[in-house]
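Q: Need a 3D model of the sequence below.
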Amino acid sequence: MRILIAEDEPRAMRGLKNLILSLSGEHQIVAEAMDGRQALELLQQTKPEVVFTDLKMPYMDGMALIRAARALECQTEFVLVTAYEEFEVAREAL
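A: Residues are numbered from 1 along each chain as shown. You can find the predicted model right below:
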């Protein structure tokens with residue numbers, strides 16, 4: 001499975017990357033982005049099957065990234081990763 005990780009915190013990026021790679025050899029991290037704008041550009045270039053994205057990132061947050069990808073008709077699946085606790089944000093993500 002081809003995966004893109006969008007996460008602006010280096011420690012969280014490393015942790016997520018290590019977790020994904022420990023699951024099986026079938027997972028390939030094709031790109032890493034430190035902000036949403038970079039993630040959208042890399043998504044178009046690398047065409048991952050799954051994007052793990054932080055909710056709060058510079059330039060473009062995770063929700064805006066998902067909306068932009070859908071507007072470009074990308075068939076990529078998204079997994080939101082966040083420590084944000086407000087229910088309204090979770091409802092919007094669903």
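Q: going forward, measure contacts between C-alpha atoms and count neighbours the same way
A: OK.
Q: so Ile66 sits right up against Phe78, yeah?
A: Yes: proximity of Ile66 to Phe78 meets the contact threshold set by CA atoms under 8 Å, at 7.3 Å.
Q: Pick out whichever of the two has more residues nearby.
A: Shown here are Ile66 and Phe78; by other CA atoms under 10 Å, Ile66 has more neighbours (23 against 18).
Q: What distance do you get for that one to Arg11?
A: From Ile66 across to Arg11, the span is 23 Å (CA to CA, to the nearest Å).
Q: how about the strands in this protein?
A: Assignment of strands within the chain using DSSP state E yields the ranges 2-6, 28-33, 50-54, 77-81.
Q: Tell me the spatial nearest neighbour of Leu21, not counting adjacent residues.
A: Once flanking residues are discounted, Leu21 sits nearest to His27: 6.4 Å by CA to CA, 6 or more residues apart in numbering.
Q: Could you pull up the contacting residues of the one you found?
A: Counting by CA atoms under 8 Å, 6 or more residues apart in numbering, His27 touches 1-3, 20-21.
Q: ok now do the most centrally placed residue in the chain, which residues does it touch?
A: Nearest to the geometric centre of the chain sits Thr53, at 2.3 Å (CA atoms, centre = their mean). Thr53 sits next to 5-7, 62, 78-81 when contact means CA under 8 Å, 6+ apart.
Q: quick one: it from Leu43, how far?
A: Using CA to CA, one gets 11 Å for the distance from Thr53 to Leu43.
Q: which regions of the chain lie under the pLDDT threshold?
A: Judged by pLDDT under 70, the chain has its weakly predicted residues at 84-94.
Q: Which residue ranges of it form helices?
A: Secondary structure of the chain (DSSP state H): helices at 10-23, 36-46, 62-71, 87-93.
Q: Burial check on the spatially closest residue to Ala31 that is not a sequence neighbour, number of neighbours?
A: The shortest distance from Ala31 to any non-neighbouring residue, by CA to CA, 6+ apart, is to Leu4 (4.8 Å). The number of residues packed near Leu4 is 25, by other CA under 10 Å.
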